[in-house]
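[1] sequence and predicted model, in that order:
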2 protein chains.
Amino acid sequence: MSDAIGKLAVIGVGLIGGSLARALRQAGKVEHIVGCGRGRENLERALELGVIDEFTHDISEAVQGADIVFVAVPLGAMRAVFERMCGHLGENTIVTDGGSAKDSVITDFQAACPGHVDRFVAGHPIAGTERNGVEASFAELYHNRRVILTPGAETAKDALERVSAMWQACGAEVVIMDVERHDRVLAATSHLPHMLAFGLVDALARLDEHDDIFRFAAGGFRDFTRIASSNPVMWRDICIANHEALAGVMVKFAEEMRDLASTIEKGDAEHLLAVFERAKAARDAYVDGLASQNDTG
Amino acid sequence: MSDAIGKLAVIGVGLIGGSLARALRQAGKVEHIVGCGRGRENLERALELGVIDEFTHDISEAVQGADIVFVAVPLGAMRAVFERMCGHLGENTIVTDGGSAKDSVITDFQAACPGHVDRFVAGHPIAGTERNGVEASFAELYHNRRVILTPGAETAKDALERVSAMWQACGAEVVIMDVERHDRVLAATSHLPHMLAFGLVDALARLDEHDDIFRFAAGGFRDFTRIASSNPVMWRDICIANHEALAGVMVKFAEEMRDLASTIEKGDAEHLLAVFERAKAARDAYVDGLASQNDTG
């Protein structure tokens, strides 16, 4: 097929990278997959599971002759990865990524590999679970999920099309979005909730009576805090990478919590009911059916 | 059996009241159950489902000759319910409840029915889902869940024992706790998370681009905000009833979010990683297996 990938290099064979490899393989859209990473054990497991065909720890070797290079490492590692591949990329090799913040990744690529920016397509699959590693990967992760691509004026049309087709082959819906808008929307819908969950569990854990406190948490608490089991390094990097949009939305939300607390102190029953009804209606309408089919997170 | 209940009156036959009735019936610990509430349809459905044996809309009639009266109405309705039953309670009739805040309920009972306080046992089953009504009730809701009882100095020993036995017969673990401690612990582990979830969904829903914003929310967001689908009236009442402990913990948490935002702005990677690692460790250790067996919420 015209859109099949001859050689795919996956830098970082974890949940995100591994699932892309599995999905493309299952769709018959890739011939050869080379995995690259630092941990030998994870790569050996990926090979055993048939997720990749070979592996190397050397990025310059991995990208050699690749049609598409997919980078799925924590945001803080992006720049060093780009620096290591630059100079070893074929003229037509497309580089794309799966990072949860996009402005920082684009800046990193421009700094590391300025001569290749037309072949770089920044991307973000809105999918994932709180688990890590190739063991957690599965071919259906991207089914009916959205993948946001944030091309710039310099991005080559054919590179964007090729990356779009790659994600569509995984069952995803591709959405093109402005970089700043992506970082703002994700700060609100993903990064802020993670800060609330991490912050709440940490606040409770710091109390003297912490194990006792957790004993009296109900099932709702388990769901609410599930995302606090996410990878700390990944989230540290997301915070640093998207610090501007995230800090802004956090300060705003803290202000809203103070207002709600004051509404509660004043006993303004009508206002409270209005808030809760509006929230319930929005959640029931927009969120309840959200990706329920394939979500395991 | 000596601990079987001859007549149980359930005021408010929803998820909590209906599940208690079902569990006691299944355990063979109750002979006759009368349901009481305002909505005819729900009570008829409860009768059809065999959850109750008869129903009435008249509280004074429902409590007539009851061994135990279980009140499972929103906290804001407690006082009126207690007032309506007072004067119709048998000398030995025990009254208990399932409210999520306890100081307010005890105050309500003392005000409404001062002559009967020795037979009142304030209680709170730590169980529930975000669904409502008798249709959502099931006999296993309380299996391996904790029920907190907050007796005072005036509470009769035999009344406390009888209520403890009732919950144990439903498969629950009974924990005796000081009222103030209950209200403080629950403010942190349950009421605060609900405010964060309601507040977050409401904040996003108020944005101009709201349906678009929800489109880019991933599976983690669905779990995180599940509790924002809870009953708005119930939560309005919990806020009013536990306003002191709740407003305090909300203001404190808002302060912590501001601090975390400033850590993010400063780019203090080490501090961020420490917070996220501590939270992940606490959640994985204390919360992950929490009531996973029977939780449907």
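    Arrived safely, thanks for sending.

[2] close to chain B: what parts of the stretch 51-200 of chain A are there?
    Contact residues (C-beta under 8 Å from any C-beta of the partner chain) of the stretch 51-200 of chain A with chain B: A:76, A:126-130, A:145-146, A:148, A:175, A:185-186, A:188-190, A:192-200. The C-beta positions use only the backbone N, C-alpha and C, and glycine is treated the same way.

[3] keep only those of the residues you listed that are in helices.
    Members of those lying in helices (criterion: DSSP state H): A:Val185, A:Leu186, A:Leu192, A:Pro193, A:His194, A:Met195, A:Leu196, A:Ala197, A:Phe198, A:Gly199, A:Leu200.

[4] got those as JSON lines, with neighbour count columns?
    Putting these into JSON lines (neighbours: other C-beta atoms under 10 Å in any protein chain shown) gives the following:
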{"residue": "A:Val185", "neighbour count": "24"}
{"residue": "A:Leu186", "neighbour count": "27"}
{"residue": "A:Leu192", "neighbour count": "25"}
{"residue": "A:Pro193", "neighbour count": "25"}
{"residue": "A:His194", "neighbour count": "24"}
{"residue": "A:Met195", "neighbour count": "28"}
{"residue": "A:Leu196", "neighbour count": "26"}
{"residue": "A:Ala197", "neighbour count": "25"}
{"residue": "A:Phe198", "neighbour count": "27"}
{"residue": "A:Gly199", "neighbour count": "21"}
{"residue": "A:Leu200", "neighbour count": "24"}
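
[5] farthest-separated two in the residues you listed?
    A:Val185 and A:Leu200 (22.7 Å; C-beta to C-beta).

[6] low-confidence ranges in chain A?
    For chain A, the stretches with pLDDT under 70 are A:1-2, A:210-211, A:288-297.

[7] which of the ones in helices among the residues of the stretch 51-200 of chain A next to chain B lies closest to B:Gly248?
    Distances from B:Gly248 to these, taken by C-beta to C-beta, are shortest for A:Leu200, at 15.1 Å.

[8] quick one: neighbours of A:Glu41, just the number.
    Look at A:Glu41: counted by other C-beta atoms under 10 Å in any protein chain shown, it has 10 neighbours.

[9] against which helices or strands is the helix or strand harbouring it packed?
    Assigned by DSSP states H and E, A:Glu41 belongs to helix A:40-48. Here helix A:40-48 touches strand A:30-36, strand A:54-56, going by 3 or more C-beta pairs under 8 Å, 6 or more residues apart in numbering or on different chains; DSSP states H and E.

[10] what is the neighbour count of A:Arg84?
    Here the number of neighbours of A:Arg84 (other C-beta under 10 Å) works out to 17.

[11] contact partners for it?
    A:Arg84 makes contact with A:Ile59, A:Ser60, according to C-beta atoms under 8 Å, 6 or more residues apart in numbering or on different chains.

[12] same check on A:Asp178?
    Applying C-beta under 8 Å, 6+ apart to A:Asp178 gives the contacts A:Thr150.

[13] with A:Ala139 instead?
    A:Ala139 touches A:Ser19, A:Arg22, A:Ala23, A:Arg25, A:Gln26, A:Cys170, counting by C-beta under 8 Å, 6+ apart.

[14] could you check how far A:Lys7 is from A:Glu140?
    24 Å (C-beta to C-beta, to the nearest Å).

[15] can you check A:Val179 too?
    For A:Val179, the distance to A:Glu140 - C-beta to C-beta - is 29 Å.

[16] next one: A:Leu246
    Applying C-beta to C-beta to A:Leu246 and A:Glu140 gives a distance of 30 Å.

[17] who's more crowded, those two?
    A count of neighbours by other C-beta under 10 Å puts A:Leu246 above the other of A:Leu246 and A:Glu140, at 28 against 17.

[18] what are the phi and psi values at the residue nearest the centre of chain A?
    By C-alpha atoms, centre = their mean, the mean C-alpha position of chain A lies nearest to A:Ser100, the distance being 4.1 Å. Taking degrees, to the nearest 10, you get phi -80, psi -10 for the backbone angles of A:Ser100.

[19] nearest residue to it in space, ignoring adjacent ones along the chain?
    In space, and not counting its chain neighbours, A:Ser100 is closest to A:Ile238: 5.1 Å by C-beta to C-beta, 6 or more residues apart in numbering or on different chains.

[20] show me the contacts for the one you found.
    Neighbours of A:Ile238 in contact, by C-beta under 8 Å, 6+ apart: A:Leu75, A:Ser100, A:Ala101, A:His191, A:His194, A:Leu246.

[21] also A:Gly128?
    A:Leu15, A:Ile16, A:Leu141, A:Gly297, B:Ala218, B:Gly219, B:Gly220.

[22] span of stretch A:97-115 from start to end?
    By C-alpha to C-alpha, to the nearest Å, the extent of stretch A:97-115 from end to end equals 18 Å.

[23] who touches it?
    Against stretch A:97-115 from outside (C-beta under 8 Å, 6+ apart): A:16-17, A:20, A:70-72, A:75, A:78-79, A:82-83, A:85-86, A:89, A:95, A:116-117, A:120, A:122-125, A:148, A:150, A:152, A:179-180, A:182-183, A:186, A:190-191, A:234, A:238, A:240-242.

[24] tell me the most buried of the helices and strands packed on helix A:40-48?
    Among the helices and strands packed on helix A:40-48, ranked by average contacts under mean count of other C-beta atoms under 10 Å in any protein chain shown, first place goes to strand A:30-36 (a mean of 22).

[25] just the CA trace of that one, in CSV.
    Written as CSV, here are the backbone C-alpha positions of strand A:30-36 (Å, rounded to 0.1, in the frame of the first residue of the first chain):
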residue,chain,number,x,y,z
VAL,A,30,4.4,-1.1,8.7
GLU,A,31,7.2,-3.5,7.5
HIS,A,32,9.9,-3.1,10.0
ILE,A,33,10.0,-1.6,13.5
VAL,A,34,13.2,-0.8,15.4
GLY,A,35,12.8,0.1,19.1
CYS,A,36,15.2,2.3,20.9
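
[26] mind listing the strands it pairs with, and their directions?
    strand A:5-11 (parallel), strand A:54-56 (parallel) (DSSP bridges).

[27] just so I know, which of the ones you listed lies nearest B:Gln64?
    Short answer: strand A:5-11, nearest of the strands paired with strand A:30-36 by C-beta to C-beta, at 72.1 Å.

[28] for the stretch 51-200 of chain A, which segments count as helices?
    Per DSSP state H, counting those that start in this stretch, the stretch 51-200 of chain A carries helices over the ranges A:59-62, A:78-85, A:103-112, A:157-169, A:179-186, A:192-205.

[29] single out the most deeply packed of these.
    By mean neighbour count, with neighbours taken as mean count of other C-beta under 10 Å, helix A:192-205 ranks first of the helices of the stretch 51-200 of chain A at a mean of 24.

[30] right, I'll leave it there.
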